[in-house]
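K.L.:
From the sequence below, what's the structure:
(chains A and B)
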Amino acid sequence: MNWTHFIYFALPACLCWAAGAYYAWKGKRIHAFALTASGLAIFFSYIAGMWISLERPPLRTMGETRLWYSFFLPVAGIIVYWRWRYKWILSFSTLMAFVFTCVNLFKPEIHSKSLMPALQSPWFAPHVIVYMFSYALLGAATVMALYILLKKGTATEKETNLTDNLVYTGTAFLTFGMLFGALWAKEAWGHYWAWDPKETWAAITWLCYIIYLHYRKASPHGIRTSCILLIWAFICLQICWWGINYLPSAKGNSIHTYNVK
Amino acid sequence: MWKKPWRYREGFLIGGGLLAIGTILQCTTGAVEWELFAWPVNLIVLLLFMLAIAIIYAMHKKVYALGWMMQYHAAIPALIYAMALTIVMGLTVQTSDGGIPWLSQMLSFWPFVLIYTWMTLIAGLVTIRRAANFKMKEIPFLLNHLGVFMAITFATLGYADMHKLKMTVKTGTPEWRATDDNNAIHEPGLAIELHKFILEEYPPKVVLVDNETGKVVHSKDNEGWDIEILSELHDAAPVNSEDGQRYEHWHSPGSTCAMEIRARRGNIEKKGWISSGSFVFPHTPMNLDERYSLAMPEREPKRYASEITVYTQKGETIKGTVEVNKPLKVDGWKIYQYSYDSRLGKWSTTSIFELVKDPWLPFVYAGIYMMLAGALCLLFVMAPKPIKTEN
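P.N.:
Modelled structure (predicted):
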């Protein structure tokens, strides 16, 4: 299995997700669940195939992390749909997953089998997977914030409840990702926190979401401010994820550069 | 302003005040010198910090400002200042000296230190307040806040007590001296004997190279060249023969990896050897035509490890293998595989270890584990219950 096979899995998966999103609009919940789940199964079989043929988890390059992101968006979507029954959520998650799938289809990166010794650790998979899942949830929360801020200007209790839930869950996974990283760094590099540019931006991102959680408790009626906070937090998250590859302050100074090699 | 009840504005003013005080301290006393916090100073500072928290808590009903410190209106501005200063840190190159004055050494920049101390102080205060009125439902809150408090406090105060040394060991010669970052020699109280350094490499690769730029060309069909590997030798040396250079098996220091290749395009056929080169033999590419050559890049390391025996002062002898991601724990030290003689590659007889001792680590880890448990609570206990309506 290699990247040339990706399209044969990606297209059927996206079609299933799109059909699931369509049935969600029509109010046919069973169809929506079944189709989204089938899409996920197809997509995951590609990830599993890559895992086997690369002889390592496909988590090293940016393209590989996008693969997981495309997978987790519909996962987050289906959870939200199940718990809050929003008709539009599956359309959103499908669209986002489709965008990330297209990036991988049109801009395939060079993916080699080799995994440098520093990445050969039982911490590798959990560290990256929980981060990708958290990014997917926080991405969904950002869309909610944009929707409330730009489209409506105000929010119903149900909408803030959904947004808060996405952020609580996303922040929990963000914390797991960050602390798994710290525990791994101690084993690999000798110290749990070295203020490497990637770590610094991970701390910034984490602080942003912590500010949101506190602000929601302190000022539950400050809907606009909390939405702006979420959008700001997501910008910081993007800098942490891939933006630091372009930051002059981080270039050549980060030991988290496996994804650009 | 300063009219009761205090709100965010007062929080931002106090943060601004801390920035101003920090700047004055930076100008008058210079950067924070963390080395001064070495044992037992860090213990004294820790006790004073705890005492301050206890006193503030005891007085919080009498003095308005102290009670206010335990409110969101104090915590949120503190978090925002911490975020802002960390962003400044993320946007400036951090170096041990030089760079942008003050900002390039953010960790010893007084305003940064004061803001983080203020934030941690608030975390400590709210922990005490909730712990004093303990109920089971406060556990998630306590795990998160005490966890953060412990992780930051102990990591910061313990920093000066952390020892990080490098030890360079050659096979057959036990070594007991190590150097710190300033190249000063230390004796960590253990000796390491290197039996064998092991470097495993990924299988060799063949790449197409542009003759002009020297860069690897990524092409699905190798620009029409059909490439066949006739033989592959992992330990080889070049031999000159009548029909040009070929490679023979040779298992000795300095051997290189070589491949015999046949490349065809249309009627053209090329045959020859390529090698990755070593510290003895040069790297050998094979010319295909005017534009392209075939080459073997340096093989990528898959695993490097050292088989060692460690002798401690107590007379213990510990045998083990140290490799990346698998340090060895001996006598309070963690021994890491740090480097090797990369010029010699897999024939290196030198291994460089990093020895790390961090006596405060268990306390930091206690904080980290609390934060992990706290994150689980965030997921299952603290998140608001979903509102389900059919629409």
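
K.L.:
close to chain B, is stretch A:178-198?
P.N.:
Yes: judged by C-beta under 8 Å from any C-beta of the partner chain, stretch A:178-198 and chain B are in contact via A:179, A:182-183, A:186-193, A:195, A:197. Placement of C-beta: from N, CA and C, glycine included.

K.L.:
Which of the residues you listed fall in helices?
P.N.:
Judged by DSSP state H, those include A:179, A:182-183, A:186-189, A:197 as members of helices.

K.L.:
what residue is smack in the middle of chain B?
P.N.:
The structure's chain B has its C-alpha centroid closest to B:Asn325; by C-alpha atoms, centre = their mean the separation is 11.4 Å.

K.L.:
Identify the residues contacting that residue.
P.N.:
For B:Asn325, the contact set (C-beta atoms under 8 Å, 6 or more residues apart in numbering or on different chains) comprises A:117-118, A:120-121, A:187-188.

K.L.:
Max pairwise distance over these: which two?
P.N.:
Greatest spatial distance in those: A:Pro117 and A:Glu187, 12.1 Å, computed using C-beta to C-beta.

K.L.:
who has more neighbours, these two?
P.N.:
Legend: neighbour count by other C-beta atoms under 10 Å in any protein chain shown for A:Pro117 and A:Glu187, higher for A:Pro117 (20 against 17).

K.L.:
residues touching the more buried one, list them.
P.N.:
B:301-304, B:323-325.

K.L.:
Would you map the strands across the stretch 201-350 of chain B?
P.N.:
Here the stretch 201-350 of chain B has its strands, by DSSP state E, counting those that start in this stretch, at B:207-210, B:216-217, B:226-241, B:244-249, B:256-265, B:268-275, B:286-287, B:292-295, B:301-312, B:317-323, B:328-330, B:333-340, B:350-357.

K.L.:
and those strands as CSV, adding distance to A:Leu54 and mean pLDDT?
P.N.:
Shown next, in CSV, are the strands of the stretch 201-350 of chain B (distance: least, C-beta to C-beta, whole Å; pLDDT from 0 to 100):
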stretch, distance to A:Leu54, mean pLDDT
strand B:207-210, 18, 92
strand B:216-217, 20, 88
strand B:226-241, 21, 92
strand B:244-249, 30, 90
strand B:256-265, 22, 94
strand B:268-275, 25, 92
strand B:286-287, 28, 92
strand B:292-295, 23, 94
strand B:301-312, 13, 94
strand B:317-323, 21, 95
strand B:328-330, 30, 95
strand B:333-340, 24, 95
strand B:350-357, 29, 96
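
K.L.:
Dump those strands to JSON lines, plus mean neighbour count and distance to chain A.
P.N.:
Shown next, in JSON lines, are these (neighbours: other C-beta atoms under 10 Å in any protein chain shown; distance: least, C-beta to the nearest C-beta, whole Å):
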{"stretch": "strand B:207-210", "mean neighbour count": "17", "distance to chain A": "11"}
{"stretch": "strand B:216-217", "mean neighbour count": "14", "distance to chain A": "9"}
{"stretch": "strand B:226-241", "mean neighbour count": "14", "distance to chain A": "16"}
{"stretch": "strand B:244-249", "mean neighbour count": "14", "distance to chain A": "23"}
{"stretch": "strand B:256-265", "mean neighbour count": "20", "distance to chain A": "15"}
{"stretch": "strand B:268-275", "mean neighbour count": "18", "distance to chain A": "18"}
{"stretch": "strand B:286-287", "mean neighbour count": "16", "distance to chain A": "21"}
{"stretch": "strand B:292-295", "mean neighbour count": "20", "distance to chain A": "16"}
{"stretch": "strand B:301-312", "mean neighbour count": "19", "distance to chain A": "6"}
{"stretch": "strand B:317-323", "mean neighbour count": "15", "distance to chain A": "7"}
{"stretch": "strand B:328-330", "mean neighbour count": "17", "distance to chain A": "11"}
{"stretch": "strand B:333-340", "mean neighbour count": "21", "distance to chain A": "5"}
{"stretch": "strand B:350-357", "mean neighbour count": "21", "distance to chain A": "5"}
